[in-house]
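Trainee: Please find the sequence and the predicted model below.
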Amino acid sequence: MTTSLIQSPTQPTHLVAALRACGCAFGLVFLYSCGYNLFLLAPSIYLLQIYDRVLSSRSADTLLMLTLIVAAAVVVGSMLDIVRRAALSRIGSWLDHRLRPVVLTASFEYASRADRGVAAECYRDLAALRQFLDSPASALLFDVPWAPAFLLLLFLVHPLLGVIGLLSAVALLALALLTEMATRQPLAHANLALSRSYLRFGTALKYIQVIRAMGMQDGAAQIVYRDAEVARKAQDIAMHRTEIILGFSKSVRTLTQILMMGAATWLVLDDNSSPGIIFVASLLLGRGLAPVEGAIGAWRSFAYTRNAFNRLNKMLIAVESDGEARMVPIPERSGLILDNVGYALPFADRQILRGVTLRLAPGDCVALIGPSGSGKSTLGRIIAGVLQATSGCALLGGVDITALRLCGGTRHVGYLPQDIELFGGAIKDVIGRLDGADPGKAIEAAKLVGLHEAIMRLPQGYETDIGEGGSLLLRSQRQQLGLARAAYGNPSLIVLDDPNSSLDYDGECMLFKAIERMKSRGMTVVIITHRMGILPVTNKIAIVRNGTVSAFGDSERIYETYLRPPSQTGT
């Protein structure tokens with residue numbers, strides 16, 4: 001028996017934990033930014049020294065030494081800027097490397113039980129976070145705290161100049177906030193529509209052969225284009241509003257510069273101040289307003305990154321909060337128990353399943369039969385752990401099957417769905433569930449279902465590439481490979497949804513023999529079927545009608561009581 005630890009929902013998400021782990025690195029970047037911004041004062045000091053020392057003394061040596069010192073300061077400041085940008089890029093790379101597997105797994109989990117479009121968008125959000133750290137906008141965040149420092153220096157030069165700088169900074173900040181309010185809703189609509197367009201485009205590509213065969217290309221393209229057009233219009237609205245506000249901010253910036261130079265000149269004329277304050281005030285104003293101006297231009301990047309972080313963290317919270325901090329035992333060979341299982345679609349009142357109760361021992365094989373729409377496939381997905389029951393529970397060895405999936409116990413469950421998706425290239429990888437394990441396990445599973453000899457007759461054997469999604473195989477071959485994948489690793493429970501729908505006589509014989517081998521190994525087999533020909537390999541039958549099990553028992557008794565055609569019964 002093995003165990004696995006499920007993370008406690010009270011712990012921070014992996015995203016928050018990773019950012020906290022970068023705290024020291026961000027602190028180092030802040031120190032680099034402090035040095036960089038201090039060295040930005042060099043031109044202002046240089047101008048003051050020229051007016052106060054060089055012009056009064058007319059000393060070429062003093063001018064040379066000042067120039068060399070300031071040049072060195074500018075070079076060191078530029079190096080610090082390069083280093084901090086490189087550090088931010090390294091932080092982004094490290095975060096991507098650490099979080100990519102976690103986010104990918106969480107996206108798969110979220111897509112399986114919530115919204116595929118949101119899951120795909122959250123997966124892209126991780127790239128957006130890294131791109132932000134690689135962009136100049138991230139370095140701008142470390143310059144913002146220095147804007148008040150430069151404005152304070154203006155107050156030290158003269159209170160009038162400080163007041164002008166402060167009022168202009170407040171005006172620009174107000175324009176930045178206006179940009180946020182004016183673009184928030186259009187950008188949200190654009191992101192939603194664009195995500196929907198990408199999702200529908202992916203679905204169209206997946207079923208392109210059917211779409212072409214039925215002449216639906218233009219209609220499918222129109223649906224994808226319609227969502228993309230909604231996104232484009234919303235983006236245009238946000239862009240136009242940003243451009244208008246940015247134009248006002250440039251006007252405010254230019255007028256402030258003129259007013260600052262005029263006020264400094266007036267101080268020179270009225271207070272006999274050094275003429276150097278004209279240029280010093282202009283430079284300090286530029287440095288003080290630069291982060292605020294940059295924030296207006298980069299506001300869309302800030303807003304998108306903030307939304308990306310919130311979406312990604314929300315998805316991680318939703319996925320990780322399903323776990324509990326405990327050790328969950330994973331059974332080696334155990335029976336299946338369904339205890340009052342019910343299921344309803346989200347936001348729907350109608351129950352698809354209700355009150356389903358079954359008990360199967362290791363080695364049992366049960367057939368779930370019933371009319372279309374009775375809930376058989378839904379029940380099969382709950383048993384396989386694909387869906388979670390909205391009431392009751394499905395237990396394997398006393399452990400909820402959903403909990404087994406969350407803690408990595410899915411190797412104890414095999415599943416063959418109706419729509420067979422073979423993800424992977426080589427046959428050994430398809431059968432082996434892409435886990436990179438010992439190829440011997442894939443061979444064992446192929447032998448169990450009777451495919452080993454057929455695979456060995458192929459030119460490359462288990463290394464044969466089946467094409468993307470099994471495109472190079474017939475449907476019956478995909479179904480047989482799907483059966484081998486379900487049997488991989490000798491799971492305790494195997495769920496087969498309509499496993500003989502595409503098989504000929506020889507294929508059905510192979511399937512029946514495979515099921516008998518599974519039963520002899522103590523596997524619990526659940527078969528969802530419409531075809532009565534498979535019933536002889538079962539030892540139990542459950543009849544599903546209107547979302548509940550109306551009859552359950554030994555195969556012979558259930559068949560004789562409920563299923564035998566009237567013409568075959570005794571008179």
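Mentor: Received it, and whenever you're ready, just let me know what you need.

Trainee: who's in contact with V103?
Mentor: 14-15, 122-123, 126, 312, 316 (Cβ atoms under 8 Å, 6 or more residues apart in numbering). For glycine as for every other residue, the C-beta is placed from the backbone atoms N, C-alpha and C.

Trainee: I'd say A446 and R485 touch.
Mentor: No. A446 is not in contact with R485 according to Cβ atoms under 8 Å; the separation is 9.8 Å.

Trainee: related to what we said a few turns ago, in strands only, show me the contacts of V103.
Mentor: Among the contacts of V103, DSSP state E puts none in strands.

Trainee: which element is R253 on?
Mentor: Assessed by DSSP states H and E, R253 sits inside helix 217-271.

Trainee: still on that earlier bit, residues in contact with both of A446 and R485, list them for me.
Mentor: Common contacts of A446 and R485 (Cβ under 8 Å, 6+ apart): I431.

Trainee: for the helix holding R253, the distance to its chain's centre please.
Mentor: 31 Å (Cα atoms, centre = their mean, to the nearest Å).

Trainee: Please name every helix or strand in contact with that helix.
Mentor: When contacts are defined as 3 or more Cβ pairs under 8 Å, 6 or more residues apart in numbering; DSSP states H and E, helix 217-271 sits against helix 159-206, helix 276-297, helix 299-320.

Trainee: hmm, 7 Å instead?
Mentor: helix 159-206, helix 276-297 (3 or more Cβ pairs under 7 Å, 6 or more residues apart in numbering; DSSP states H and E).

Trainee: how about these, which one is nearest A86?
Mentor: Smallest distance to A86 across the helices and strands packed on helix 217-271 (Cβ to Cβ): 19.6 Å, for helix 276-297.

Trainee: Pull the residues that contact that closest one.
Mentor: 40, 43-44, 47-48, 50-52, 140, 143-144, 147, 150-151, 153-154, 157, 161, 165, 168-169, 172-173, 175-176, 179, 245-246, 249, 253, 256-257, 260-261, 264-265, 267-268 (Cβ atoms under 7 Å, 6 or more residues apart in numbering).

Trainee: Stretch 170-188 too?
Mentor: Counting by Cβ under 7 Å, 6+ apart, 234, 237-238, 241-242, 245, 248-249, 252, 289, 292-293, 295-296, 299-300, 303 sit against stretch 170-188.

Trainee: The residue nearest to N340 when sequence neighbours are not counted: what's it in contact with?
Mentor: Spatial nearest neighbour of N340, excluding adjacent residues (Cβ to Cβ, 6 or more residues apart in numbering): G392 at 3.8 Å. G392 makes contact with 339-342, according to Cβ under 7 Å, 6+ apart.

Trainee: Max pairwise distance over these: which two?
Mentor: Farthest pair in the contacts of G392 (Cβ to Cβ) is D339 and G342. Separation: 10.5 Å.

Trainee: before we move on, the earlier item: correct me if wrong, but the residue nearest to N340 is in a helix.
Mentor: No. Counting by DSSP: H, G, I helix; E, B strand; the rest coil, one finds G392 to be strand, located in no helix.

Trainee: how near is the residue nearest to N500 when sequence neighbours are not counted to K519?
Mentor: Leaving aside its sequence neighbours, N500 sits nearest to E508 (Cβ to Cβ, 6+ apart; 5.1 Å). Per Cβ to Cβ, to the nearest Å, E508 is found 17 Å from K519.

Trainee: And these two? Which one has more around it.
Mentor: K519 (19 against 15; other Cβ atoms under 10 Å).

Trainee: Closest to the centroid, which residue in the protein?
Mentor: Y123 (2.5 Å; Cα atoms, centre = their mean).

Trainee: Highest mean neighbour count out of the helices and strands packed on helix 217-271?
Mentor: helix 276-297 (a mean of 22; mean count of other Cβ atoms under 10 Å).

Trainee: Mind giving me the PyMOL select for the contacts of stretch 170-188, buried ones only?
Mentor: Listed next is the PyMOL selection for buried residues among the contacts of stretch 170-188, using 16 or more other Cβ atoms under 10 Å:
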select buried, resi 234+237+238+241+242+245+249+252+289+292+293+295+296+299+300+303
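
Trainee: pLDDT (mean, whole number) over the helix or strand that contains K513?
Mentor: K513 is located in helix 505-520, with elements delineated by DSSP H and E. For helix 505-520, the mean per-residue pLDDT is 89.

Trainee: cool, and stretch 310-318?
Mentor: Stretch 310-318 comes out at a mean pLDDT of 87.

Trainee: contact partners of that stretch?
Mentor: With Cβ under 7 Å, 6+ apart as the criterion, stretch 310-318 contacts 13-16, 103, 106, 110, 118, 121-122, 125-126.

Trainee: Likewise for stretch 123-140?
Mentor: 84-85, 88-89, 91-92, 95-96, 99-100, 103-104, 107, 291, 294-295, 298, 301-302, 304-305, 308-309, 311-312.

Trainee: hmm, 8 Å instead?
Mentor: 33, 81, 84-85, 88-89, 91-93, 95-96, 99-100, 103-104, 107, 291, 294-295, 298, 301-302, 304-305, 308-309, 311-312.

Trainee: which stretches of the stretch 451-571 of the chain aren't confidently modelled?
Mentor: Counting by pLDDT under 70, the stretch 451-571 of the chain has low-confidence residues at 468-472, 566-571.

Trainee: Tell me where it has strands.
Mentor: For the stretch 451-571 of the chain, strands defined by DSSP state E, counting those that start in this stretch occupy the ranges 493-497, 524-528, 540-545, 548-554.

Trainee: what domains does the record give for the chain?
Mentor: Per the record, the chain has its domains at 14-135, 146-297, 329-568, by automatic domain parsing.

Trainee: quick check: mean pLDDT across the shortest one?
Mentor: In this case it means domain 14-135. Mean predicted lDDT for domain 14-135 stands at 85.

Trainee: okay, how far is it across that domain, tip to tip?
Mentor: 23 Å (Cα to Cα, to the nearest Å).

Trainee: Repeat that for stretch 266-284.
Mentor: Start-to-end span of stretch 266-284 (Cα to Cα) is 18 Å.

Trainee: if we can go back for a sec, got a winner among the contacts of G392 for most neighbours?
Mentor: V341 leads these on contacts (other Cβ under 10 Å) with 24 neighbours.

Trainee: if we can go back for a sec, also compute the angle for the helix holding R253 relative to helix 276-297, please.
Mentor: With axes from the mean of the first three to the mean of the last three Cα atoms, to 10 degrees defining the directions, helix 217-271 sits at 160 degrees from helix 276-297.

Trainee: what's the angle from helix 217-271 to helix 299-320?
Mentor: Using the same axes, to 10 degrees: helix 217-271 against helix 299-320 is 130 degrees.

Trainee: Next, the angle helix 159-206 makes with helix 217-271.
Mentor: 170 degrees.

Trainee: Now do helix 217-271, average pLDDT.
Mentor: 84.
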